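Visitor: Structure for this input, please:
(one chain, ligands or ions: 2)
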Amino acid sequence: MGLNLATRLDTIHGIGPRFLARLTALHIETIEDLLWHFPFRYEDFSQIYRVSDLEPGQQATIRGTVQEIDVRRTWQKRIIIIEATIADETGTIRAVWFNQPYIKNVLRPGKLANFSGKVSVSDSEHDLYLSHPTYELVGAHDTRHTGRLVPIYPETRGLTSKGIRFLTQPILEHLPEIPDWLPVDVLAAEHLPDITTALRNVHFPAAIDDAIIAKKRFAFEDLFLLQLVNFEQKARLATERAPGIPTDIALVKRMLTQLPFALTHSQKQALWEVMQGIAKPRPMNRLLQGDVGSGKTVVAALAAILAARVGYQTTIMAPTEVLAHQHFATFQKLLAKVTAGGTPTLALVAAGDTRLLTPDGETPHATKAALMKSVKSGAVHIVIGTHALIQKSVAFKNLGLVVIDEQHRFGVDQRAALLRKTGGTLIPHFLSMSATPIPRTLMLTVFGDLDLSTITELPAGRKPITTKLVPPEDRAKTYAFIRGEIRKGRQAFVICPRIDKAAEADAAKPRQQEFLKLDMKSVKEEYEKLSQTVFPDLRVAMLHGQMKAKEKEKVMRDFHDRKSDILVSTSVIEVGVDVPNATIMMIEGSERFGLAQLYQFRGRVGRGEHQSSCMLFTDSVTAASRDRLKAIIDAKNGFELAEHDLKLRGPGEFLGEKQTGLPDVAMAGLQNPELIRASRAAAEKLLTKDPTLSRATLLRTRLAEFKKKLHVE
Ligand code: ADP
Ligand code: MG
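Guide: Ligands and ions are numbered 1, 2, ... in the order given. Predicted coordinates:
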């Protein structure tokens, strides 16, 4: 049969329809899909033992002849027991299975077979038997289930490892040599096997080292392709044209003296890098990283003012309404301070609200339609908003700079959608800002097409935040502490994992409902409890995603203006929110949040001159969740935490498996700095010799397929 990787499994004879359906359910439709469904471990049944050498507790393979085989039922007639006696030249042993009467039809007396399984001891203490061994008749072909290193696959949806082995082995035997898409010299330099060998060894290795090196090849291959994509992306951007936004040094210097604070050294450094980037007539593609509170916004704002000065528009997209409003307020203040030859016009485009601010002050009741017109005409220089910015109705005249705040919240597509709104023929510069520190290994791979600026220090005078894991019995003490802080004039956040337990529990099954009721703190209930029972004398407010944009904004503004003391909220306040007077962050059910998220919550406090604390409460007391939370307490900075998260939970935690489309081996490769370095060097070397890959046709095709996979969501 003329097999190749693209051959569909349903065209191959002998695969039953039920098995096919199960494969299809796992998106295994072609030979390639099947062969790239890798085992996740191997069981070593490679050595054949003699019956007389077997030891209790051992995993072993024996080869012997079936002497007898019987099927009987237990007295309740519920369980069927199959018992065979197997003999080799050194002795006999029993093998026992349950509820598989058909075995009798396969293992007929006189048949020679391999049996792999656990050697158990029966009650008599002397009598050894094999419990539920895998068996395989010894015939003409190689054994695939026993007597060797046996691949174990992820078993889901009724697909057994045995079933997969049954299919994979003959396919590998019949598959002709596959032409390798990785260049021979690359493979040779890295001491990696060719594709055909790698496939055979990943499924049916003769020795475990063969499997390891085969997997390494696949991880290397994906990283290598990823690097090619990155380099290609960079090269492509270098051929695009962007508006050069000149750095007016005198103006920048003047603005810096007008700011209410002096920029930190690394803010200046980052600002310099951004200014250099946007001054070039090629699109900048930069990530501005910096811990929560390190002051990224002002860097973006100054760049936006420079763009406005030469007539280019800037758009700033924030992940939440609250944050968009806050940015609007910040820009408003900043622009009032640093007038740059006529204050630029500023607009807010959010779902529930549009606002327009011209040099003459705020235009009352700016309608959305009027605002959009001004944006399109170029009269508005800086447009701040949420996802609402992506809508079709938003068009620009000459977009020069796109800023996305907390970009990990946005998908690739959203980012692309904004970049397309350029208005002219020029591609806007792109600046993404994130407080989620990205581990270096990921920076060099998944984010490898981005230039990086990092703000490494917090503004002077910030006190480190005290972080504690609070046992349930200290709850009353904590409330007393909060009361004391509020007496001193401070404010507190209380974060809960959900808005409303009733609504969500209703949808769940009845038994779960009971469980959830006991379990999870909700904003609404905590709000009731705190405002009526615990702190009836204090001003408690509530914030969550089901509230209208206007309500949310009012609650945030009131909290900001000290009109409330305690804000009970869901994760809507997670990113960016800035209330320097708040000193307490109390988090309920903290084990339900990711480390990065908790880190963000904590960053909401410690922004002013007062000592701040972060108190973590948990619903669960498992050691694992405690260890994880400890990482937050011990981490000196976000980067350390990021590396920790990467080790503990893998890159999926940062990227979301869905967003990358990277296969498991590549995800594992992302944790291997050595392999990353090698793949990057190899990609760079190849592109230096052959920038368009004109001499590597197969690789080019493979790369195109890889790219398609990479961005499917
Ligand atoms: P983030 O990097 O988390 O987005 P922001 O840009 O919101 O941080 O800044 C946090 C707070 O610090 C804001 O109130 C901002 O005005 C203030 N800030 C920024 N830079 C400085 C600085 N160099 N010195 C003092 N305060 C600063
Ligand atoms: Mg921010």
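Visitor: now the helices for the stretch 1-150 of the chain?
Guide: Here the stretch 1-150 of the chain has its helices, by DSSP state H, counting those that start in this stretch, at 17-25, 31-35, 103-106.
Visitor: Just the mean pLDDT for the shortest one, thanks.
Guide: Spelled out, it's helix 103-106. The average of the pLDDT scores along helix 103-106 is 88.
Visitor: interface residues of the chain facing ligand 1?
Guide: Proximity of the chain to ligand 1, by CB under 6 Å from any ligand atom, involves residues 261-264, 267, 290, 292-298, 435, 459, 576, 578, 607. C-betas here are computed from N, CA, C, even on glycine.
Visitor: Emit the ChimeraX select command for whichever of those residues are buried.
Guide: Entered in ChimeraX, the line below selects the buried ones among those, by 16 or more other CB atoms under 10 Å:
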select :263,264,267,290,292,293,294,295,296,297,298,435,576,578,607
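Visitor: can you pull out the strands in the stretch 401-550 of the chain?
Guide: Here the stretch 401-550 of the chain has its strands, by DSSP state E, counting those that start in this stretch, at 429-434, 451-455, 466-469, 491-495, 540-543.
Visitor: shaky segments in the stretch 51-200 of the chain?
Guide: Across the stretch 51-200 of the chain, the ranges flagged by pLDDT under 70 are 76-77, 124-126, 139-148, 157.
Visitor: got the residue ranges for the helices in the stretch 501-650 of the chain?
Guide: 501-507, 510-519, 523-529, 549-560, 595-602, 623-634, 638-649.
Visitor: Pick out the shakiest of those, pLDDT-wise.
Guide: helix 510-519 (a mean of 47).
Visitor: need the contact list for the closest residue to ligand 1 within the stretch 1-150 of the chain.
Guide: Ligand 1 sits closest to residue 40 of the stretch 1-150 of the chain, with a gap of 39.6 Å, by CB to the nearest ligand atom. Residues near residue 40 by CB atoms under 8 Å, 6 or more residues apart in numbering: 152-154.
Visitor: Apply the buried test to the residues you listed and list what passes.
Guide: residue 153.
Visitor: Sitting in strands, which of the contacts of residue 40 do you find?
Guide: Counting by DSSP state E, the contacts of residue 40 place residue 152 in strands.
Visitor: Reformat the contacts of residue 40 into TSV and put distance to residue 91 next to each item.
Guide: TSV is the format used below for those (distance: CB to CB, whole Å):
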residue	distance to residue 91
152	29
153	34
154	37
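Visitor: Quickly name whichever of the contacts of residue 40 is closest to residue 165.
Guide: Comparing the contacts of residue 40 against residue 165 with CB to CB places residue 153 closest, at 7.9 Å.
Visitor: Mind pulling the model confidence for residue 397?
Guide: 90.
Visitor: Let me know how buried it is, in neighbour terms.
Guide: 17 (other CB atoms under 10 Å).
Visitor: Not counting its neighbours along the chain, what's nearest it?
Guide: Computed as CB to CB, 6 or more residues apart in numbering, the closest residue to residue 397 that is not its neighbour in sequence is residue 378, at 3.2 Å.
Visitor: what do you get for residue 207?
Guide: Residue 207 sits nearest to residue 149 (CB to CB, 6+ apart), 7.2 Å away.
Visitor: how about the one you found, what does it touch?
Guide: 42-46, 204-208, 211.
Visitor: Let's have the strands of the stretch 401-550 of the chain in TSV, adding mean pLDDT.
Guide: TSV is the format used below for the strands of the stretch 401-550 of the chain (pLDDT from 0 to 100):
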stretch	mean pLDDT
strand 429-434	90
strand 451-455	89
strand 466-469	90
strand 491-495	95
strand 540-543	94
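Visitor: Can you tell me which of those is nearest to residue 612?
Guide: Minimum separation from residue 612 across these (CB to CB) falls at strand 466-469, 7.3 Å.
Visitor: what's across from residue 119 in the sheet?
Guide: Beta-bridge partners for residue 119, by DSSP bridges, are residue 130.
Visitor: For it, list the residues it contacts.
Guide: 54-60, 128-130.
Visitor: Buried ones among those residues?
Guide: For these, buried by 16+ other CB under 10 Å: 54, 60, 128-130.
Visitor: For those residues, which two are the farthest from each other?
Guide: Checking these with CB to CB, the most distant pair is 60 and 129, at 12.1 Å.
Visitor: hang on, the earlier thing: redo the strands of the stretch 401-550 of the chain as TSV? Include mean neighbour count.
Guide: Below are the strands of the stretch 401-550 of the chain laid out as TSV (neighbours: other CB atoms under 10 Å):
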stretch	mean neighbour count
strand 429-434	24
strand 451-455	19
strand 466-469	16
strand 491-495	25
strand 540-543	22
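Visitor: For stretch 557-564, which outside residues touch it?
Guide: 325, 491, 539-541, 543, 555, 567, 579, 581-582.
Visitor: Closest to ligand 1 out of the residues you listed?
Guide: Ligand 1 has its nearest neighbour among the contacts of stretch 557-564 in residue 579, at 9.1 Å by CB to the nearest ligand atom.
Visitor: Export the strands of the stretch 401-550 of the chain as a markdown table, with columns for distance to residue 362.
Guide: Compiled in a markdown table, the strands of the stretch 401-550 of the chain are given as follows (distance: least, CB to CB, whole Å):
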| stretch | distance to residue 362 |
| --- | --- |
| strand 429-434 | 26 |
| strand 451-455 | 31 |
| strand 466-469 | 40 |
| strand 491-495 | 27 |
| strand 540-543 | 24 |
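Visitor: among the ones you listed, which is nearest residue 159?
Guide: strand 429-434 (39.1 Å).
Visitor: Using the three-state scheme, assign the nearest residue to residue 202 once chain neighbours are set aside.
Guide: Leaving aside its sequence neighbours, residue 202 sits nearest to residue 214 (CB to CB, 6+ apart; 4.0 Å). Here residue 214 is helix, with the state taken from DSSP: H, G, I helix; E, B strand; the rest coil.
Visitor: Please work out which residue of the stretch 151-300 of the chain is closest to ligand 1.
Guide: For the stretch 151-300 of the chain, CB to the nearest ligand atom, closest residue to ligand 1: residue 295, 2.7 Å.
Visitor: residues contacting that residue?
Guide: 263-264, 267, 455, 459.
Visitor: Looking at it now. What's its pLDDT?
Guide: Looking at residue 295, its pLDDT reads 91.
Visitor: Just give the nearest non-adjacent residue to the residue of the stretch 301-450 of the chain found nearest ligand 1, would you?
Guide: Going by CB to the nearest ligand atom, ligand 1 is nearest to residue 435 of the stretch 301-450 of the chain, at 5.3 Å. Residue nearest to residue 435 in three dimensions, not counting chain neighbours: residue 292, with 4.5 Å by CB to CB, 6+ apart.
Visitor: can you pull the contacts of the one you found?
Guide: Per CB under 8 Å, 6+ apart, neighbours of residue 292: 435, 576, 599-600, 602-604, 638.
Visitor: In terms of pLDDT, where does it sit?
Guide: Residue 292 is given a pLDDT of 77.
Visitor: Look up how far residue 233 lies from it.
Guide: 29 Å (CB to CB, to the nearest Å).
Visitor: swap in residue 448?
Guide: 9 Å.
Visitor: and what of residue 434?
Guide: From residue 434 to residue 233 the distance is 19 Å (CB to CB).
Visitor: mind listing what residue 615 touches?
Guide: 467-468, 470, 478, 584-587.
Visitor: which one of these is nearest ligand 1?
Guide: Among the contacts of residue 615, residue 585 lies closest to ligand 1 (CB to the nearest ligand atom), at 14.5 Å.
Visitor: Chain neighbours aside, what residue packs nearest to the spatially most distant residue from the centre of the chain?
Guide: Distance to the chain centre peaks in the chain at residue 89, reaching 55.9 Å (criterion: CA atoms, centre = their mean). Nearest residue to residue 89, sequence neighbours excluded (CB to CB, 6+ apart): residue 50, at 7.5 Å.
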